[in-house]
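# Sequence plus the predicted model coming up.
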Amino acid sequence: MRLLIGNMNYSSWSMRPWLLLRQLEIPFEEEKLSFNAPDFETRVRAVSPVGKVPVLVDGDFVVWDSLAIAEYLAEKFPDRGIWPRDPRARARARSICAEMHAGFGALRDRLPMNCELLLKNVAFERAVERDIARVVASWTECRERFGAEGPFLFGAFSAADAYYAPVVRRFLGFSVSVPEVAANYIAAVDALPAMRAWMAAALVERDYVAIDEPYRDRR
C-alpha cells in the first residue's frame, strides 16, 4: 500500500492515517508531496478525483478521505484493533471521529496544526473556547467510560486516537490549558513512537506554507 500525504508540519488530515498505519505496524510506503509544489494537485489527481491528501493506494484500488481510509483498513486488517472490540465503545469511537471530521470549525481556523509551533498566553475567541471544552469533555467521557485498560480514549490505541492526534498537536502548540485527565491523555499521545517519528520528520522539513501560518509576521 502507498499513502500520499502533504507537508508533515501542517497536514492534520495526513497525520491521521499515517499515524494509524505506523503505530499499528501495518506496512505501507509513504509518498510525501509539498503543498508548495506547483504540480501538487496534478500529482494527487493522477490517483484521486478530489486532488487532496491523504490518499491510500492499494494495488489498483484507491481510497481517499482519512475516515474512509480508517474504515478500509479496519476491514482489510480486522485483527489490528483499528476500532475498539466492544460494540458500544466502537460506536462511540466512530461517533467522536465523525464529530471531529465534520465539526470544530473555530478550533481548526484559530489553532491550525503546526508541529514547529509553540505559543503561550494566546487569547481565544468564545467559539474556540467552546470547541476546546467540547473536545475535553469528549476525551474525559471516553477515558472514564471506556479507557480502563490503557492510557488512550478506549484503553488501547485506536483510530479515535489517530483522529484526535492533530488536536493534541494543536493544544500543545498553542499551550492550551486542560484538566488532568485531558493532560494525561495528551502526554500519552505525544509519547507514541509513531507520533515521535512524525514529529522528527516534520521538524526537518523547513517548507513554509503561508496559508497554514496566518499568525506569522513575514515582514
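The structure has been received and is ready for your questions. Numbering: from 1, shown residues only.

# what about Ala74, helix or strand, and which?
helix 66-76 (DSSP states H and E).

# What's the mean pLDDT across that helix?
Across helix 66-76, pLDDT averages out at 98.

# and Asp79, how many residues sit next to it?
Asp79: 5 surrounding residues under other Cβ atoms under 10 Å. (Glycine included, C-beta is placed from N, CA and C.)

# Can you read off the pLDDT for it?
97.

# how much space between it and Leu24?
In this structure, Asp79 and Leu24 are 10 Å apart, going by Cβ to Cβ, to the nearest Å.

# where along this structure do the helices fall?
Remark: helices assigned in the chain by DSSP state H are 12-23, 40-45, 66-76, 87-102, 105-110, 126-146, 159-173, 180-190, 193-202.

# May I see the buried residues of the last one?
Spelled out, it's helix 193-202. Within helix 193-202, the residues scored as buried using 16 or more other Cβ atoms under 10 Å are 194-195, 198-199, 202.

# likewise the longest one?
Buried residues in helix 126-146, defined by neighbour count with 16+ other Cβ under 10 Å: 128, 131-132, 135-136, 138-140, 142-143, 146.

# any idea how far it is from the chain center?
Remark: helix 126-146 is offset 16 Å from the chain centroid, using Cα atoms, centre = their mean, to the nearest Å.

# Contacts for that helix, please.
By Cβ atoms under 8 Å, 6 or more residues apart in numbering, the residues outside helix 126-146 that reach it are 84, 86, 89, 92-93, 96, 99, 103-107, 110-111, 124, 153-155, 160, 164, 167, 171, 176, 178-179, 181-182, 185.
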